[in-house]
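K.L.:
Have a look at this prediction, sequence included:
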Amino acid sequence: MYAILGAVPLRDRRPASVSHAKTASPTSMLCAALRSAIHRARHRLVFYAFELLHLNGRDLRRTPLQERRAALRKLIEFDPRSPIQFSDHDDCDGAVFFKAAVDLELEGIVSKRARSLHRGGPSKNWLKTKNMVEGEFILLDTEVDDRGIPGRLLARDGELVFAGPAILRPPSHARAEWAGKFSAMSNEKPALKGMRRGKAQWLKPQIRVRAQHLKAKGNLRHTKHP
């Protein structure tokens, strides 16, 4: 998103940035967490600036990435207590860097061509490499949204703790079998308290499924059927 950064002394302040709410229990819904932090804990918000598109009336989009980031770095003074931080990078072998991210149990990395120009929309000049892992979860419900996408809510086994949402599309040859299992396992109430019904068909917490998701703490993100 574009953020007006009042602490940066520029006449034309339009760096692109990503924000993170420093909460003890991060959620899969960044926007919801951000809204909550803005209203309840602004002191816990930190903006990480990673791109500079305009500077004092000058359009930098046709300037190579290395030069844009060098200009951005000069604008942000190093202060670990500041709510505005520079999103640093490392010029190294991508495979080695990704392995380090995996070892740290991070979600993944973003790679960019050092001499690339900024263009809106999809581009081959940057690549997101995700650290996807697979696990077994308990299926809590079955629901198809207005777009026809089959959404599910999952829980972690053991103490039956909410894990997060998922998109699980059964293969065509197994749809009838899945429908039969869902019908047999339907339940009037959710297995976990505080869950809204909506259009969901609640299920008894007895169906186990395997799902791929981003390696991260907190609720599941980018979850899908393997």
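P.N.:
Okay, I see it.

K.L.:
neighbours around the closest residue to Asp141 other than its chain neighbours, how many?
P.N.:
Leaving aside its chain neighbours, Asp141 sits nearest to Ala200 (4.1 Å; criterion: CB to CB, 6 or more residues apart in numbering). Glycine gets a C-beta too; all of them are placed from N, C-alpha and C. When counting by other CB atoms under 10 Å, one arrives at 17 neighbours for Ala200.

K.L.:
So for Ala200, what's the pLDDT?
P.N.:
At Ala200, the pLDDT value in this model is 77.

K.L.:
and if you look at Leu52?
P.N.:
94.

K.L.:
surely the residue nearest to Asp141 meets Thr142?
P.N.:
Yes: Ala200 is within contact range of Thr142, at 7.2 Å (criterion: CB atoms under 8 Å).

K.L.:
From the rest of the structure, what touches the helix or strand where Lys74 lies?
P.N.:
Secondary structure from DSSP states H and E places Lys74 in helix 65-75. Residues from elsewhere that reach helix 65-75 (CB atoms under 8 Å, 6 or more residues apart in numbering): 8, 10, 15, 49-53, 55, 60, 86, 89, 112-118.

K.L.:
Take these and keep only those in strands.
P.N.:
Of the contacts of helix 65-75, the ones assigned to strands by DSSP state E are 15, 49-53, 55, 86, 112.

K.L.:
list the contacts for Phe78?
P.N.:
Phe86.

K.L.:
Would you state the helices of the protein in chain order?
P.N.:
30-40, 65-75, 94-103, 175-184 (DSSP state H).

K.L.:
For Pro165, see how far away Glu51 is.
P.N.:
30 Å (CB to CB, to the nearest Å).

K.L.:
which of the ones in strands among the contacts of helix 65-75 has the most neighbours?
P.N.:
Going by other CB under 10 Å, Leu52 tops the ones in strands among the contacts of helix 65-75 with 28 neighbours.

K.L.:
which one is that residue nearest to, not counting chain neighbours?
P.N.:
In space, and not counting its chain neighbours, Leu52 is closest to Leu72: 4.0 Å by CB to CB, 6+ apart.

K.L.:
which regions of this structure lie under the pLDDT threshold?
P.N.:
1-33, 144-150, 197-198, 226 (pLDDT under 70).

K.L.:
Please parse it into its domains.
P.N.:
13-130, 132-214 (automatic domain parsing).

K.L.:
Kindly reformat those domains as JSON lines containing distance to Lys224.
P.N.:
Formatted as JSON lines, these follow (distance: least, CB to CB, whole Å):
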{"stretch": "domain 13-130", "distance to Lys224": "11"}
{"stretch": "domain 132-214", "distance to Lys224": "5"}
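
K.L.:
Between these, which one is closest to His222.
P.N.:
Minimum separation from His222 across the domains of the chain (CB to CB) falls at domain 132-214, 4.9 Å.

K.L.:
Figure out how far the closest one is from the centre of its chain.
P.N.:
Domain 132-214 sits 21 Å away from the centroid of its parent chain (CA atoms, centre = their mean, to the nearest Å).
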